[in-house]
Every structure is written in structure tokens, then in C-alpha cells.
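Colleague: Only the shape, not the letters, is given here:
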């Protein structure tokens, strides 16, 4: 993973109280991550940071679209995402992950890299099954040529006789 200074929060330089940050995640951002299934998108992240004496509360509001491959036809399409996440950074002796929503960071840490959090939060907003949406007439926007080829292949499948023999063994027992 490559790093960008744009995603480093200056913990030391912030005064106590609320601060607002805004990030736009696009091709350059997703390109920083090796082996990412996402290469492009346009995501707006609003970060509300509340610094207190012993901790920092981070509230992420995420909205945008990610370019994903359709699980049915493999064509790319824009999948809308939207969500919120909260992370609490507590000050302690060493770095430790207390839970998914709470990290302990050393008192001596001057900045905190949120790029990996932004990546994870946006990826986790994607549905498990990514399929082209239907158009206004209720017709799938999938690549119809690919769907037709898949349907033809499905009807031409022949069962290997060895598997049939194994099925017979299962029913006999």
C-alpha cells in the first residue's frame, strides 16, 4: 500500500473541541491499495472529529459510488454506497485494537493515518451480491449478450456418468 499525506490527521496540532474534514476518494485513492477489487469511484467522506483530553471521537459520513464488476455478467457499473461509522481513539502506552470501534494509540503519536479506515469503511458498504440494477421498465441492465451465452451453456451441460454412479451409491446406503 502506498501512502498519501492527505489522509494523515494531525493529532498533536489540533486543539480540544470539534473539527471538520472532507475527503474525496477516487481513482488515485483506490490505486494506493494493492490487490484492491475497487479501482475507481467517487466517494465523499465528511469527518467530524471531536478531540478531548483522553480520547478522540471520529464520525465518518460516507456517500458516493464505486465502480464494481457485476457478479452476473462481469461488466462494470457504478454501485451507490452510503453509511456512517464511528471510531474512538483513546490515548495509552502502546498501539492496541480494543474493538472494531475503539483503538488505543500511544500518547507520543503525532498523527494518525485514516487511509486504511476509509478504504475498509467504503468496501464494507458494498452489498454482498453486486448486480446491475433494473432500468425504469424493470428490465435488467446486465449485458444481455453475456446472459444469453450463460443460458445456452446452462442448457447444454451434460452430466458426467461417473457422478451418476456416485449418486446411486448414496441412495443405496
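Modeller: Cool, got the structure. Here the structure is a predicted model, which is why all the values come from computation and not from measurement. Residues are numbered from 1 along each chain as shown.

Colleague: make it CA atoms for all contacts and neighbour counts henceforth
Modeller: Noted.

Colleague: and the residue nearest to residue 121 when sequence neighbours are not counted, what pLDDT?
Modeller: With Cα to Cα, 6 or more residues apart in numbering as the measure, residue 85 is the residue that lies nearest to residue 121, at 7.4 Å, once sequence neighbours are left out. Predicted confidence (pLDDT) at residue 85: the value is 96.

Colleague: So in that sheet, which strands flank the host helix or strand of residue 85, and in what orientation?
Modeller: Assigned by DSSP states H and E, residue 85 belongs to strand 76-92. The partner list of strand 76-92 in its sheet, established with DSSP bridges, is strand 55-69 (antiparallel), strand 102-106 (parallel).

Colleague: For the residue nearest to residue 121, list each beta-bridge partner.
Modeller: Residue 85 forms beta bridges with residue 60, as assigned by DSSP bridges.

Colleague: Low-confidence bits of the protein, can you list those?
Modeller: Applying pLDDT under 70 to the predicted model, the residue ranges of the chain that meet it are 1-3, 154-159, 170-173.

Colleague: Now do the strands in it.
Modeller: For the chain, the strands defined by DSSP state E occupy 8-10, 17-25, 41-51, 55-69, 76-92, 96-99, 102-106, 111-113.

Colleague: Nice, that's everything, thank you.
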